[in-house]
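Novice: I would like to see how this sequence folds:
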Amino acid sequence: MSDCEGKPSREAEADETRRKEPQKSLVSEDDLGYGPSKRREKLKHKEPGGASDWDPHEALVVYKESLKTKCGTVSAGSASGRRVLLQQVFTEVQHEVIQMEADSKMRSIQETVISCSDIFKPLPSERLQGAPLRVVLTVGVAGVGKTFSVLRFCWFWAQGSENQELQLVVPLSFREMNLLTTRGRYSLMELIQAFHPELQELLPHALSHSKVLIICDGLDESRLPLDFSCEVVSEVTQRSEVSVLLVNLIRGDLLPHAQIWITSRPAAANQIPAQSVDRVTELRGFTDYQKEQFFRTTPSYMSLLRTSRSLYNMCQIPLFSSITATVLKARQREPLPVGEDPQQKDKAEESVGLVSEVQYL
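Specialist: This is a model prediction of the structure:
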């Protein structure tokens, strides 16, 4: 009898060791397609002298790092176009949840304030209904902070501090998806990987069976015809027009267990049938307290803004507040005319000139 009989092979021992390795990710190795068989295939083709260890969670880690980079810096509000950290310019804008209640005699509207990070969390009254929130539509005027809210949500998820029950968050921009209309048909897998190449190794099974949030930002910028009577697409590898994929996502024929977040200006929001939306939230901009917080480093700006009611009200829009701050900083650097005392300047006249200047910009 040889010495090897009755003893497990080295490969079997290696397999047993790998099976006992603890999982460290919210997404399992098998779900991501990085289980023992994938690892053996990787090792089989590994170049001699290469690294002995291969991280099975590498793709997800790389994707999160990429998402933090994409969402962590913005150029909005910077006159020079220089990118700045999101946390330096972002003041969280509260979402108003709009609930329609109907009875035999009248319809009433109830509004509840929630944080951006809680956009998919049910309210007490919704918990009683039991059905999960699948499609959320957020509306708001231009510059009120819809895209910034999306960036904030993605950044905090990627760094691991919020909404960690989600295994994958995929932001998509309607403005960018417009560019794909002349480039043929896509599957959902191909559409996601076109904008997020870090997910090239993500398997269809993983996308279909993981807890996924897909964000579609800027419906008002879409040139895609959303026909809700279109053909059914139910597989993530099935190819069709981009607009058809989006409709099937919203209807729930494609990725029925995924959550969908759509942002839009109010005028374009009616492209989504009301019966396809589980929650509507509205961004209304800064409260008076948030205006104070935004200009807290320059109290003199607030005293000037209060002299003009129209300018003060317009600063409810975060983007307008950012532009106003940029204009004020530029005006502070301008030299005063000879002999003019800055303490005796008429603030009302200055604020009127500032309104005109900001509106011109």
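Novice: Show me where the stretch 251-361 of the chain has its strands.
Specialist: Secondary structure of the stretch 251-361 of the chain (DSSP state E, counting those that start in this stretch): strands at 259-264, 279-283.
Novice: how many neighbours does Ala131 have?
Specialist: The tally of other residues near Ala131 (other CB atoms under 10 Å) stands at 9. For every residue, glycine as well, the C-beta is placed using N, CA and C.
Novice: now do Glu231
Specialist: 12.
Novice: that's a strand at it, yeah?
Specialist: No. With DSSP: H, G, I helix; E, B strand; the rest coil as the criterion, Glu231 is assigned coil and is not in a strand.
Novice: With adjacent residues omitted, what lies nearest to it?
Specialist: Taking CB to CB, 6 or more residues apart in numbering as the measure, Glu231 lies nearest to Val244, with 6.3 Å between them; neighbours along the chain are not counted.
Novice: Just list the residues touching the one you found, thanks.
Specialist: With contact set as CB atoms under 8 Å, 6 or more residues apart in numbering, Val244 has these partners: Asp227, Cys230, Glu231, Val233.
Novice: quick revisit: for the strands of the stretch 251-361 of the chain, which has the smallest mean pLDDT value?
Specialist: Averaged per stretch, pLDDT over these is lowest on strand 279-283, reaching a mean of 93.
Novice: CA-only coordinates of it in CSV, if you can.
Specialist: Output in CSV follows, covering the C-alpha atoms of strand 279-283 (Å, rounded to 0.1, in the frame of the first residue of the first chain):
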residue,chain,number,x,y,z
ARG,A,279,-43.3,56.9,-2.1
VAL,A,280,-42.9,60.5,-3.3
THR,A,281,-40.6,62.9,-1.5
GLU,A,282,-40.0,66.6,-2.3
LEU,A,283,-36.9,68.6,-1.7
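Novice: now it and strand 259-264, what's the angle there?
Specialist: The directions of strand 279-283 and strand 259-264 differ by 40 degrees, with axes from the mean of the first three to the mean of the last three CA atoms, to 10 degrees as the criterion.
Novice: Show me what strand 279-283 is packed up against.
Specialist: Where contact means 3 or more CB pairs under 8 Å, 6 or more residues apart in numbering; DSSP states H and E, strand 279-283 is packed against strand 95-102, strand 135-139.
Novice: Can you list the strands that it pairs with?
Specialist: The strands that strand 279-283 pairs with in its sheet are strand 95-102 (antiparallel), strand 135-139 (parallel) (by DSSP bridges).
Novice: Please list the residues outside that strand that contact it.
Specialist: Residues lying outside strand 279-283 but in contact with it, judged by CB under 8 Å, 6+ apart, are 93-98, 114, 119, 133, 135-140, 144-146, 149.
Novice: What remains of these if I keep only buried residues?
Specialist: 93-97, 114, 119, 133, 135-140, 144-146, 149 (16 or more other CB atoms under 10 Å).
Novice: nearest spatial neighbour of Lys146, skipping sequence neighbours?
Specialist: Nearest-residue entry for Lys146: Thr263, 4.2 Å, with adjacent residues in sequence omitted and distances by CB to CB, 6+ apart.
Novice: Surely that neighbour is in contact with Val136?
Specialist: No. Between Thr263 and Val136 no contact is recorded; they are 9.4 Å apart, counting by CB atoms under 8 Å.
Novice: tally of neighbours for Val113?
Specialist: Every residue meeting other CB under 10 Å relative to Val113 is counted, giving 11.
Novice: what about it, which SS state?
Specialist: Of the three states, Val113 takes strand under three-state DSSP.
Novice: Tell me who's in contact with the nearest residue to it once chain neighbours are set aside.
Specialist: In this structure, Val113 finds its nearest non-sequential neighbour in Gln94, 4.9 Å apart by CB to CB, 6+ apart. With CB under 8 Å, 6+ apart as the criterion, the residues that contact Gln94 are Val113, Ile114, Ser115, Cys116, Leu283, Arg284, Thr287.
Novice: Please produce TSV containing those residues, extended by distance to Met189.
Specialist: Below are those laid out as TSV (distance: CB to CB, whole Å):
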residue	distance to Met189
Val113	37
Ile114	32
Ser115	32
Cys116	28
Leu283	31
Arg284	37
Thr287	42
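Novice: Now flag whichever of the residues you listed is closest to Met177.
Specialist: Leu283 (21.8 Å; CB to CB).
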